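**Student:** Any chance you can model this:
(chains A and B)
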Number of protein chains: 2
Amino acid sequence: MMLRFDASADPHRSGCPINLSLEVFGDKWSLIVIRDLMFGDRRHFRELLAGSEEGIASNVLADRVQRLVELGLLTRAPDPGHKQKIVYRLAEPAIQLVPVFAQLGAWGNRHLPVSHELRVRAELLEQGGPEFWDRFMDELRERHLGIARPAGQPSAFGELRAAYEAALAEASA
Amino acid sequence: MMLRFDASADPHRSGCPINLSLEVFGDKWSLIVIRDLMFGDRRHFRELLAGSEEGIASNVLADRVQRLVELGLLTRAPDPGHKQKIVYRLAEPAIQLVPVFAQLGAWGNRHLPVSHELRVRAELLEQGGPEFWDRFMDELRERHLGIARPAGQPSAFGELRAAYEAALAEASA
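**Tutor:** Reported below is the predicted structural model:
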């Protein structure tokens, strides 16, 4: 599924896949928003704003969410239970960022002063490898796109959450 | 090997490995410079500037190179053959970005309007998987850190270059 990204807007743009990917994301905030929908299971603007570990500013969040919807990385729809509310969901191209996040998290774990609670989730993702990433992506498709995952497949999301909560409990013990 | 990254400078900084990694890179230019040293085998400021597919500005290049040296992602040293010239090399943490580039390139190939010549290298990197990435990292350690790679190990760099050149020749045929 191609993104709605107009490469002809800049005639000097290179067609390198790494460059184009980095241009799509721009600064760090787009990937942070996708991370929060993906790992934090947030769906509403308020949750994304109030739950932000990095203290994203409201105008920056509004701008990035709109850009991600326009690009085709997120979808927005009225909340079925709450007509005034808007629900954001990951679209397929954003779900396929799981391996990118896994490698970026593994790299950060090795080279940067990561906090204990946030380290364990990246470790689990790294150790799980492609089999775990596929399982996690199947589950994100179920949660965000309504496509049921294979019957009986254990929850990768549950494993990630349990690892994070155990580390949190350990830290406060 | 930890980077020289002062996480205490900002008390609101989150310790998430994905966030910290994205903060280290900032905008896209730092990763573009590392990509050009890694895949383009460029070592001098002039080559990085003149060979830039994305037309990096001289002041931006100077700033990002200095920042990457300060962080510990690149090293700088006088060129042994040319005392007035400076050679830049990848440090170990930058070499370990190979799997991140591989996943980012694979993602870009699937979702963005990538040019044919630049697609094939990312495809090779994706198809090669972790075995190929390890071999490429061994070779980068040889080229940039002076650590000989296992005897008889075929050149991943050569395979990447050959694939790129074949695609170039095909495009101009």
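**Student:** C-alpha from now on. contacts and neighbour counts both.
**Tutor:** Noted.
**Student:** low pLDDT regions in chain A?
**Tutor:** Counting by pLDDT under 70, chain A contains low-confidence ranges at A:11-12.
**Student:** mind redoing it with 90?
**Tutor:** A:1-2, A:4-15, A:25-27, A:79-84, A:116-118, A:168, A:170-173 (pLDDT under 90).
**Student:** Report the buried residues of the longest helix along it.
**Tutor:** In chain A, taking DSSP state H as the definition, the longest helix is helix A:116-140. By neighbour count with 16 or more other Cα atoms under 10 Å in any protein chain shown, helix A:116-140 contains the buried residues A:116-126, A:132-140.
**Student:** got the residue ranges for the helices in chain A?
**Tutor:** Assigned by DSSP H, chain A shows helices spanning A:17-25, A:29-39, A:45-50, A:58-71, A:92-95, A:98-111, A:116-140, A:156-172.
**Student:** quick one: the shortest one to chain centroid distance?
**Tutor:** Going back to what we said before, that points to helix A:92-95. Centroid displacement of helix A:92-95 relative to its chain, using Cα atoms, centre = their mean, to the nearest Å, is 9 Å.
**Student:** ditto for the third one
**Tutor:** In terms of Cα atoms, centre = their mean, the centre of helix A:45-50 is found 14 Å from the chain centre.
**Student:** Next, see if the longest strand along chain A gets close to chain B.
**Tutor:** Counting by DSSP state E, the longest strand found in chain A is strand A:82-90. No - Strand A:82-90 is not in contact with chain B by Cα under 8 Å from any Cα of the partner chain; minimum separation 14.7 Å.
**Student:** Can you check what angle separates that strand from helix A:58-71?
**Tutor:** Strand A:82-90 and helix A:58-71 meet at an angle of 70 degrees, taking axes from the mean of the first three to the mean of the last three Cα atoms, to 10 degrees as the criterion.
**Student:** and strand A:82-90, how far out from the chain's middle?
**Tutor:** Worked out by Cα atoms, centre = their mean, strand A:82-90 lies 17 Å from the chain centre.
**Student:** List the neighbouring strands of it plus their orientation.
**Tutor:** Under the criterion DSSP bridges, strand A:82-90 sits next to strand A:74-79 (antiparallel) in its sheet.
**Student:** okay, now residue A:72: neighbour count?
**Tutor:** Counted with other Cα atoms under 10 Å in any protein chain shown, residues neighbouring residue A:72 total 19.
**Student:** Residue A:90 now?
**Tutor:** 25.
**Student:** Same question for the one 3 residues further on.
**Tutor:** Neighbour count for residue A:93, taken as other Cα under 10 Å: 19.
**Student:** Do I have it right that it meets residue B:111?
**Tutor:** Yes - shown here, residue A:93 and residue B:111 form a contact pair, counting by Cα atoms under 8 Å, at 6.9 Å.
**Student:** dump the residue contacts of the closest residue to residue A:64 other than its chain neighbours.
**Tutor:** What sits nearest to residue A:64 in space, not counting adjacent residues and going by Cα to Cα, 6 or more residues apart in numbering or on different chains, is residue A:30, at 5.7 Å. Counting by Cα atoms under 8 Å, 6 or more residues apart in numbering or on different chains, residue A:30 touches A:64, A:65, A:68.
**Student:** how deep is the first one tucked in, by neighbour count?
**Tutor:** Pointing back at residue A:64 there. 20.
**Student:** Identify the residues contacting stretch A:49-64?
**Tutor:** A:29, A:30, A:33, A:36, B:12, B:13, B:14.
**Student:** Export the longest strand of chain A to CSV, keeping only CA atoms.
**Tutor:** The C-alpha trace of strand A:82-90 is given here as CSV (Å, rounded to 0.1, in the frame of the first residue of the first chain):
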residue,chain,number,x,y,z
HIS,A,82,-19.3,8.5,21.6
LYS,A,83,-20.3,10.4,18.5
GLN,A,84,-18.4,13.7,19.3
LYS,A,85,-15.1,11.8,19.9
ILE,A,86,-12.7,10.9,17.1
VAL,A,87,-10.8,7.6,17.1
TYR,A,88,-7.4,7.3,15.5
ARG,A,89,-6.2,3.9,14.3
LEU,A,90,-3.0,2.6,12.7
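**Student:** mind listing what's buried in that strand?
**Tutor:** In strand A:82-90, counting by 16+ other Cα under 10 Å, buried: A:87, A:88, A:89, A:90.
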